[in-house]
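**Q** Here is the input, now give the coordinates:
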Amino acid sequence: MLKVMFLCTGNSCRSQMAEGLARRLGTGLIEAYSAGVIPAGVNPYAERVMQEIGIDISGQRSKPIDKGLIERMDVIITLCEDAETSCPVTPARIKRLHWPVRDPVGTVGTDDEILAAFRKARDEIRARIERFIAETA
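**A** Presented below is the predicted three-dimensional model:
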């Protein structure tokens, strides 16, 4: 089983959605984890848009980057520039990927507009994970 860590700034949205998606889409292939540079709690909008596609991330929690855990990963995927630059140096055997995804947390507008931004991030992450699984499997 491939151990994959998803990193973003707050571990509140993008990396949480990626962890949930990788667990569902990569069942039996991926052991998914997530963490953040500055953990900020799981965003309720992230929970809502994931629930829309039948994935419950409400039990996940926001976690800081754990260097020891990172060193046990096979792949580290950063989802923002903060995580890319703040991720500790890792052994050469760990594959590093950078998937910059716009942070929907900063979206200002109506509830529908905010949800649309979270859906866009979710769908982009989902497409990247599906491609990653197809290329890895």
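**Q** Only C-alpha atoms from now on, for both contacts and neighbour counts.
**A** Will do.
**Q** Pick out the residue closest to the middle of the chain.
**A** In the chain, the centroid-proximal residue (C-alpha atoms, centre = their mean) is Ser15; its distance is 2.0 Å.
**Q** Which other helices and strands does the helix or strand hosting that residue contact?
**A** Element membership of Ser15, judged by DSSP states H and E, is helix 14-25. Identification of packing neighbours for helix 14-25 by 3 or more C-alpha pairs under 8 Å, 6 or more residues apart in numbering; DSSP states H and E yields strand 2-8, strand 30-36, helix 44-52, helix 111-136.
**Q** picking that back up, kindly confirm whether my reading is correct that the residue nearest to the centre of the chain touches Leu7.
**A** Yes. When contacts are counted by C-alpha atoms under 8 Å, Ser15 is listed as touching Leu7 (5.5 Å).
**Q** Can you pull the residues that touch both of the two?
**A** Taking C-alpha atoms under 8 Å, 6 or more residues apart in numbering as the contact criterion, the common neighbours of Ser15 and Leu7 are Ser34, Ala35, Gly36, Leu79.
**Q** May I see the residues you listed organised as a markdown table, with pLDDT added?
**A** Listed next are these as a markdown table, based on pLDDT from 0 to 100:
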| residue | pLDDT |
| --- | --- |
| Ser34 | 96 |
| Ala35 | 94 |
| Gly36 | 92 |
| Leu79 | 93 |
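**Q** just the buried members of the residues you listed?
**A** Ser34, Ala35, Gly36, Leu79 (16 or more other C-alpha atoms under 10 Å).
**Q** re earlier: can you lay out the shared contacts of Ser15 and Leu7 as CSV showing distance to Thr90?
**A** Converted to CSV, those look like this (distance: C-alpha to C-alpha, whole Å):
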residue, distance to Thr90
Ser34, 16
Ala35, 15
Gly36, 16
Leu79, 17
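**Q** re the thing from before, how much space between the residue nearest to the centre of the chain and Met50?
**A** Distance, Ser15 to Met50, using C-alpha to C-alpha, to the nearest Å: 12 Å.
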